[in-house]
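S.K.: Predicted model and sequence follow; I will ask about them next.
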Amino acid sequence: MPFDPSAAALEGSGVFGLPHSEEEAAVVLVPVPFEATTSYGGGASGGPAAILEASRQVDLYDVETGRPYEAGIHMLPIPAHVAALDREARAAAAPVIAAGGAANGGPELAAAAARVDAASREVNDWVEGEVRRLLAAGKRVGLVGGDHAVAFGSIAAHAAAYPGMGVLHLDAHADLRLAFEGFQHSHASVLRNVMDGVPGVARLVQVGIRDVSDEEMAYAAGAGGRVVVHHDALLAAERFEGVTWGAQVRRIVEALPRDVYLSFDIDGLDPTLCPHTGTPVPGGLSFQQACALLAGVVASGRRIVGLDLVEVAPGPDGDAWDGNVGARLLYKMIGWMLKSRS
């Protein structure tokens, strides 16, 4: 049956209602339903399924990026073995989190934290292998989380393919802690792990940041310019004095290398757009501001080489709002990635 991009998506169709197979698609999405270290609100492991379901309601013509669907977009099946690891790791993490961290207990808590870290490493090893495989096949790859910790393997695979790349990190949190609650592979440590363990990343540029620790700010200050933090409050203060978002976007983008990886925690947005994400924080970007930032990357001549979207959590009782916003943001991210490489 010929595909009609203007028709309603069929039940059970692919991501965004598209018919493309992995082989046919230029863009392949890797779902990772894992959130072992989330310590406030949960639900991010349901993000890939929520985004997939909501994506079938997205109209496929985009006024900014045209027709991203024409390149072909495919989401891999949600991996059952990762979902099983998530259940096991969350059970192990629960007493550690309840105690306020592994340091507040005895050897049993330390052993539980070690099991969670081992599960996280296993997931990220799998992610890195899948992303490397897809990149080698000429695909453009996006990861759909899951909590932010699962992005490590994707960033590492892209940095191997595009050494010297920059990471544009949109988030309410800096994620630069050495560890959090005893977990070395915490969602609150993922960008620290990247900057310490992935030498192919030349620079990290952070936007939307509004919840940080002394440790994180000291790390950024001591990184020799390799970490650039744009605090949400300071950007807002400039706008109150008349500086335009367009001017701020140009300044943000100037610090990025030519090749850019997008790492987008949904809580980088205003929390009215993602109320069920694990750690919502007042402030943040509007949907339009986020899109304008992506457009600014492309307008500068830089190339978006890969992406992740994490921490989308479906609401209770079938509330589809977070998945709806996540699906539309993901389509925009894919559209700008394709446009940057056309």
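M.R.: That came through, no problem. Numbers count the residues shown, from 1 in each chain.

S.K.: sec struct for L262, please.
M.R.: Per DSSP: H, G, I helix; E, B strand; the rest coil, the local secondary structure of L262 is strand.

S.K.: change the start of the numbering to 44 and stick with it
M.R.: Okay, residue one is now 44; in that scheme the one you just asked about reads as L305.

S.K.: quick one: pLDDT of it?
M.R.: We have a pLDDT of 98 for L305.

S.K.: which residues touch it?
M.R.: 211, 213, 337, 347, 349-351, 376, 380 (Cβ atoms under 8 Å, 6 or more residues apart in numbering). Any C-beta I mention is one placed from the backbone N, CA and C, and that applies to glycine too.

S.K.: Looks like G358 contacts C317 (just checking).
M.R.: No - G358 is not in contact with C317 according to Cβ atoms under 8 Å; the separation is 9.9 Å.

S.K.: more neighbours, those two?
M.R.: C317 (26 against 16; other Cβ atoms under 10 Å).

S.K.: Could you find the closest non-adjacent residue to that one?
M.R.: Counting by Cβ to Cβ, 6 or more residues apart in numbering, C317 lies nearest to I309, which is 4.5 Å off, once chain neighbours are set aside.

S.K.: Could you do E297 as well?
M.R.: That would be S343: by Cβ to Cβ, 6+ apart, it lies 7.8 Å from E297.

S.K.: Next one: that neighbour from L305, what distance?
M.R.: 14 Å (Cβ to Cβ, to the nearest Å).

S.K.: same question, A200
M.R.: From A200 to L305 the distance is 14 Å (Cβ to Cβ).

S.K.: Give me the common contacts of G358 and C317.
M.R.: Between them, G358 and C317 share the contacting residues D365, judged by Cβ under 8 Å, 6+ apart.

S.K.: In the stretch 244-385 of the chain, mark out all the strands, start to finish.
M.R.: 244-252, 270-274, 302-308, 346-353 (DSSP state E, counting those that start in this stretch).

S.K.: Who are the packing partners of the last one?
M.R.: Same thing as strand 346-353. Under the contact definition 3 or more Cβ pairs under 8 Å, 6 or more residues apart in numbering; DSSP states H and E, strand 346-353 sits against strand 183-188, helix 194-204, strand 302-308, helix 330-342, helix 364-383.

S.K.: re earlier: redo the strands of the stretch 244-385 of the chain as JSON lines? Include distance to P76.
M.R.: Putting the strands of the stretch 244-385 of the chain into JSON lines (distance: least, Cβ to Cβ, whole Å) gives the following:
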{"stretch": "strand 244-252", "distance to P76": "24"}
{"stretch": "strand 270-274", "distance to P76": "29"}
{"stretch": "strand 302-308", "distance to P76": "16"}
{"stretch": "strand 346-353", "distance to P76": "11"}
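
S.K.: Of all those strands, which one comes closest to S329?
M.R.: Distance to S329, taken as Cβ to Cβ, is lowest for strand 244-252 among the strands of the stretch 244-385 of the chain, at 10.8 Å.

S.K.: Let's see that closest one as CSV, backbone CA atoms only.
M.R.: The C-alpha coordinates for strand 244-252 follow below in CSV (Å, rounded to 0.1, in the frame of the first residue of the first chain):
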residue,chain,number,x,y,z
VAL,A,244,34.6,15.2,22.9
ALA,A,245,36.4,18.5,22.5
ARG,A,246,33.9,20.7,24.3
LEU,A,247,30.7,20.6,26.3
VAL,A,248,28.3,23.5,26.0
GLN,A,249,25.4,23.5,28.5
VAL,A,250,22.2,25.5,28.2
GLY,A,251,19.2,25.7,30.5
ILE,A,252,21.2,24.9,33.6
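
S.K.: how big is the angle separating that strand from helix 330-342?
M.R.: Interaxial angle, strand 244-252 versus helix 330-342 (axes from the mean of the first three to the mean of the last three Cα atoms, to 10 degrees): 160 degrees.

S.K.: what about A137, which helix or strand?
M.R.: A137 is located in helix 123-141, with elements delineated by DSSP states H and E.

S.K.: what about that helix, average pLDDT?
M.R.: 93.

S.K.: And it, what's buried?
M.R.: Using 16 or more other Cβ atoms under 10 Å as the test for burial, helix 123-141 gives 125-126, 128-129, 132-133, 135-136, 139-140.
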